[in-house]
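Colleague: Need a 3D model of the following:
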Amino acid sequence: MTDIIPKLTSLGCFVELVGSRATCNPPPSDTDSDFLVASLNDLDLDGLLVNEGYYFEHGDRYKLEDAKDFKSYRKDDINLIVSNNEAFIQRFRAATSVAKRLNLMNKRDRIALFQAVLYGRECEI
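Modeller: All right, here's what the predicted structure looks like:
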């Protein structure tokens, strides 16, 4: 695990392993570790994360309209999905629980599920 997690939890953030390492059984070993970071006390984590070597990830991986709900920070094989939007966090956790229950091993299936739950988007066939 990464040493940023205890720092975030000491600040009152809720941190949970998500992504394929949390939802797939067996978990893949050739992918990054994703963590959902709920910062519901309006903390600005940008400075802390940059000081810890994380960089804000943006661009083609995420749609511009999704940027209002979360920010993604990356360092090595760690991806932090940071949000202070309680509804987004609840939807993300719900999608994670369904992906885990269904053991969605196919990445496209996981993406379709998350797009539907988080944003109400229909599946692209």
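Colleague: number of nearby residues for residue 72?
Modeller: Residues contacting residue 72 under the criterion other CB atoms under 10 Å number 19. In short, each C-beta sits where N, CA and C put it, glycine included.
Colleague: Over to residue 76?
Modeller: Residue 76 has 10 nearby residues by other CB under 10 Å.
Colleague: Quick check: phi and psi at it.
Modeller: Main-chain torsions, residue 76, degrees, to the nearest 10: phi 50, psi -120.
Colleague: I'd like the mean pLDDT over stretch 113-125, please.
Modeller: For stretch 113-125, the mean per-residue pLDDT is 89.
Colleague: What is the distance between that stretch and the centre of its chain?
Modeller: Relative to the centre of its chain, stretch 113-125 is centred 16 Å away, using CA atoms, centre = their mean, to the nearest Å.
Colleague: ok, now stretch 74-86?
Modeller: Distance, centroid of stretch 74-86 to centroid of chain: 5 Å (CA atoms, centre = their mean).
Colleague: which other residues reach that stretch?
Modeller: If you take CB atoms under 8 Å, 6 or more residues apart in numbering as the criterion, stretch 74-86 is touched by 2, 4, 18-19, 31-40, 42-43, 45, 49, 52-55, 57, 68-73, 89, 92.
Colleague: Have a look at the protein and report the helix or strand with the lowest mean pLDDT.
Modeller: Within the chain, confidence by mean pLDDT, DSSP states H and E is lowest for strand 55-57 among all helices and strands, at a mean of 89.
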